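Asks: predicted coordinates and the sequence they were generated for:
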Amino acid sequence: MKVLVTGGAGFVGSNLAVSLQDGNEVSVLDNFSSTDDKNLEGFDGNIINGDIRDSATIAKISEPDIIFHQAAITDTTITDQGTVFSVNVEGFRNVLDYAITKGINLVYASSAGVYGNGPVPMKEGQSSPLNSYGSSKLAMDNLAKRHWNSGIKIIGLRYFNVFGPRELYKKKAASMIYQLALQMAADKRPKIFKYGEQMRDHIYVKDVVQANVMAMKAKESCIVNVGTGKATSFNDVVAILNEVLGKDLEPEYIDNPYKNGYQNNTQASTENAQKLLGFKSKYTLQKAVQEYLTEIGMI
Ligand SMILES: NC(=O)c1ccc[n+]([C@@H]2O[C@H](COP(=O)([O-])OP(=O)(O)OC[C@H]3O[C@@H](n4cnc5c(N)ncnc54)[C@H](O)[C@@H]3O)[C@@H](O)[C@H]2O)c1
């Protein structure tokens with residue numbers, strides 16, 4: 001099968017591209033605006049250096065059988081709505097138009113950012129984004145829904161907090177699991193926002209790859225959550241990291257600089273993902289952290 005992964009040099013995209021190359025002909029489209037080509041180590045498919053906002057570039061791509069759209073501005077602290085929307089919504093519109101014109105099914109990355117501080121567990125019918133990034137992902141979902149009758153299948157996956165290998169280059173934007181593990185491996189007390197009671201649904205990137213694979217076989221267009229259904233407090237993340245790293249470090253509580261626009265709790269309702277894709281995450285947080293830190297040589 002011929003597969004195109006947009007944003008394929010990024011964190012999730014590169015995991016997807018590398019995992020799909022076994023048995024498929026995989027191409028990656030990325031403008032390398034927020035990544036490093038080192039992230040594609042181990043990938044031996046086709047790499048297209050191009051921008052999703054440029055429909056001429058997209059039109060020239062040799063037609064795939066399926067598209068996984070991951071390219072986006074993923075920094076949730078960027079406040080300039082115009083910039084975020086031009087890539088996340090207008091770029092997506094180009095990819096969607098191309099997919100519809102050529103009759104290619106499309107799986108795209110949405111986000112739990114659409115839920116803001118809505119009630120948990122978060123269900124796909126809810127939305128109350130708190131920032132430009134979350135609003136752009138909601139706009140993508142609305143755009144996708146308007147094309148559900150266009151003859152192709154369009155599957156939106158609302159990822160929760162993804163962590164795992166190939167996120168290292170993201171630096172400040174890397175997952176909190178990685179940031180805290182880095183501090184703690186260096187025997188520094190982990191800095192978390194006061195008082196560590198905030199909750200997140202952390203999902204391992206290998207489960208996210210699996211959700212994408214299962215989305216290829218969806219019977220109809222849909223938007224579903226990709227989370228574990230379990231929320232873990234920041235304090236409990238520190239406890240798990242202490243155990244995995246063999247440390248005994250107390251958190252250092254700091255003020256949250258993002259008081260407005262900060263999601264305090266995220267937790268996915270996983271019913272629709274199970275019903276519509278047959279997807280259920282396999283990794284517990286402890287097992288994923290253990291495997292991840294081993295894989296990157298931290299333990
Ligand atoms: N990582 C998470 O926790 C998470 C959570 C929810 C949703 N998502 C979504 O999943 C997708 C992948 O996220 P990620 O964490 O891998 O992010 P990432 O920043 O690592 O990857 C995004 C990639 O898109 C590329 N890109 C940006 N603008 C582009 C453009 N105009 N044209 C072509 N390529 C462009 C970047 O260079 C980068 O390689 C994104 O759509 C993101 O919104 C991620």
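Replies: That came through fine.
Asks: would you mind measuring from Asn272 to the ligand?
Replies: 16 Å (CB to the nearest ligand atom, to the nearest Å). In this view, the C-beta of every residue, glycine as well, is placed from N, C-alpha and C.
Asks: and for Lys145?
Replies: According to CB to the nearest ligand atom, Lys145 and the ligand sit 17 Å apart.
Asks: so where does that residue fall, helix or strand?
Replies: Element membership of Lys145, judged by DSSP states H and E, is helix 132-146.
Asks: stretch 35-43 close to the ligand?
Replies: Yes: Stretch 35-43 reaches the ligand (CB under 6 Å from any ligand atom) through Thr35.
Asks: so for that stretch, mean pLDDT?
Replies: When pLDDT is averaged along stretch 35-43, the result is 89.
Asks: check which residues of it are buried.
Replies: Neighbour counts over stretch 35-43 (16 or more other CB atoms under 10 Å) mark Thr35, Asn39, Leu40, Phe43 as buried.
Asks: residues contacting that stretch, please?
Replies: 8-11, 14, 17-18, 21, 26, 28, 47, 166, 169 (CB atoms under 8 Å, 6 or more residues apart in numbering).
Asks: ok, stretch 128-146 next?
Replies: 72-81, 84-85, 88-89, 92-93, 96, 108, 110-111, 113-118, 127, 154, 156, 158, 221, 223, 260-263.
Asks: mind running it again at 6 Å?
Replies: Stretch 128-146 is contacted by residues 76, 81, 84-85, 88-89, 92, 110-111, 113-114, 116, 118, 127, 154, 156, 223, 261 when judged by CB atoms under 6 Å, 6 or more residues apart in numbering.
Asks: for it, buried residues please.
Replies: Neighbour-count burial for stretch 128-146 [16+ other CB under 10 Å]: 129-141, 143-144.
Asks: now, the most widely separated pair of the residues you listed?
Replies: Taking CB to CB as the measure, the buried residues of stretch 128-146 span a maximum distance of 21.1 Å, between Leu130 and Ala144.
Asks: tell me which stretches of the stretch 101-250 of the chain form strands.
Replies: Along the stretch 101-250 of the chain, the stretches classed as strands by DSSP state E, counting those that start in this stretch are 105-111, 154-159, 161-163, 191-193, 199-200, 202-204, 222-226, 232-233.
Asks: residues of the stretch 51-200 of the chain that sit close to the ligand?
Replies: Applying CB under 6 Å from any ligand atom, one finds that the stretch 51-200 of the chain approaches the ligand through 51-53, 70-74, 87, 91, 109, 111, 159, 161-162, 170.
Asks: and the residues you listed, which is the shakiest by pLDDT?
Replies: Lowest pLDDT among those: Lys170, 88.
Asks: show me the contacts for it.
Replies: By CB under 6 Å, 6+ apart, the neighbours of Lys170 are Phe11.
Asks: surely Glu295 is in contact with Pro165?
Replies: Yes: counting by CB atoms under 6 Å, Glu295 does reach Pro165; the two are 5.3 Å apart.
Asks: so the two - more neighbours on which side?
Replies: Ranked by neighbour count (other CB atoms under 10 Å), Glu295 and Pro165 place Pro165 first, with 18 against 12.
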